[in-house]
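J.: Provide a 3D model corresponding to the input given below.
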Amino acid sequence: MSEEDNVSTPSTDYAFSLTEDEYYTKVNVNMGGICNQMIIDSRASCNVVDKQIWEELKAKKIVCASTKVNKNLYPYGSTDPIEVIGTFTTNMSVENSDIVEAEVMVIKGKGPSLLGRKTATLLGVLKIGLNASINVIQEKANINQEVFHKYKSCFEGIGKLKDFLLEIPIDETVSPVAKSLIRIPFNLREKLENKLDELEKLDVIEKTDGPTPWVSPVVVVPKGDNDIRLCIDMRRANEAII
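T.: Sure, this is the predicted structure:
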């Protein structure tokens, strides 16, 4: 770093994370002629490297202009600043990208190298906005179509887990509740009978005989095309599930 200090009012930047997490996307960035791996951080307002990386970059003769500065850098959600020992400005690029001039903060201590929102966007490795969201949705839709065609038999009919008995842990201290049945409008009764027969034939439901301490009422909900949907009010029964 140069010995010149910037004595102006300190500006403030934010680094979202200074911990190594496996779900962050990493890219190889050509920084002043030296390749360095950085984490794309869409919520960071600056680029960050720690002192150890800075010393390695200097040893490899990085092309840059460095200076000591009066800046504040805060981790996301924290009021305790990270000590910034200086900054440097250098050219950055990733594979097949344009060259971008960017400032990088050097922090005291140890942490992963962060590629901030502005620089990552200029390098084309981060896309934010409506068009970017639409592109991501379209890419996922294409992947889903590929999976659907590859495993088409898995998407036929109604999915059902067979030869498996689900055991639901019950809190025995909760007293069973037999709720009163909800009166079904006369014009929906025939549709209800037909729907119960349909679901039984599809093996979605099955008949059972004998008394039960729990009764949860059926709620009939009209839906389009002159059809109905059957729902069950399980709020009281759910209270007994651990």
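J.: ok, the longest strand seen in the chain: who's next to it in the sheet?
T.: Identified as the longest strand of the chain according to DSSP state E is strand 84-93. Partner strands for strand 84-93, per DSSP bridges, with pairing direction: strand 26-31 (antiparallel), strand 65-67 (antiparallel), strand 100-107 (antiparallel).
J.: run the chain-centre distance for it.
T.: Taking the mean of its C-alpha atoms, strand 84-93 sits 30 Å from the chain's own mean (C-alpha atoms, centre = their mean, to the nearest Å).
J.: make a markdown table out of the strands paired with strand 84-93 and add distance to L115 and mean neighbour count.
T.: For the C-beta atoms, the positions are set from N, CA and C on the backbone; glycine is no exception. Shown next, in a markdown table, are those (distance: least, C-beta to C-beta, whole Å; neighbours: other C-beta atoms under 10 Å):
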| stretch | distance to L115 | mean neighbour count |
| --- | --- | --- |
| strand 26-31 | 6 | 18 |
| strand 65-67 | 19 | 15 |
| strand 100-107 | 9 | 21 |
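J.: mean pLDDT added to these, as CSV?
T.: What follows is those, written out as CSV (pLDDT from 0 to 100):
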stretch, mean pLDDT
strand 26-31, 88
strand 65-67, 87
strand 100-107, 92
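J.: nearest to V49, of those?
T.: strand 100-107 (5.8 Å; C-beta to C-beta).
J.: got a list of what I228 touches?
T.: L188, K191, L192, K195, V220, V221, P222 (C-beta atoms under 8 Å, 6 or more residues apart in numbering).
J.: can you tell me which of the residues you listed end up in helices?
T.: Among the contacts of I228, the members found in helices (DSSP state H) are L188, K191, L192, K195.
J.: excluding residues flanking it in the chain, which one is nearest the first one?
T.: Beyond its immediate neighbours in the sequence, the residue positioned closest to L188 (C-beta to C-beta, 6 or more residues apart in numbering) is V220, lying 5.2 Å away.
J.: and the one you found, what does it touch?
T.: V220 neighbours (C-beta under 8 Å, 6+ apart): I184, P185, L188, K191, L192, I228, R229, L230, C231.
J.: I figured K118 was touching A44, is that so?
T.: No - counting by C-beta atoms under 8 Å, K118 stays clear of A44, with 9.2 Å between them.
J.: these two: who's more crowded?
T.: A44 (26 against 16; other C-beta atoms under 10 Å).
J.: quick check: closest non-adjacent residue to the more buried one.
T.: Closest to A44 by C-beta to C-beta, 6+ apart is G116, at 4.2 Å.
J.: what's the burial count for the one you found?
T.: Around G116 there are 26 other residues, counting by other C-beta under 10 Å.
J.: same check on R236?
T.: Close neighbours of R236, defined as other C-beta under 10 Å, add up to 16.
J.: try E95
T.: E95 is flanked by 10 other residues according to other C-beta under 10 Å.
J.: so where does K61 fall, helix or strand?
T.: Under DSSP states H and E, no helix or strand contains K61.
J.: any idea how far it lies from I39?
T.: 24 Å (C-beta to C-beta, to the nearest Å).
J.: equivalent analysis for E198, please.
T.: For E198, the distance to I39 - C-beta to C-beta - is 53 Å.
J.: looking at the two, which has the bigger crowd around it?
T.: Using other C-beta under 10 Å, the more surrounded residue of E198 and I39 is I39, with 21 against 11.
J.: can you give me the distance of that one to L126?
T.: For I39, the distance to L126 equals 11 Å [C-beta to C-beta].
J.: give me the number of residues near the nearest residue to S66 once chain neighbours are set aside?
T.: Computed as C-beta to C-beta, 6+ apart, the closest residue to S66 that is not its neighbour in sequence is F88, at 3.9 Å. Using other C-beta under 10 Å, F88 has 24 neighbouring residues.
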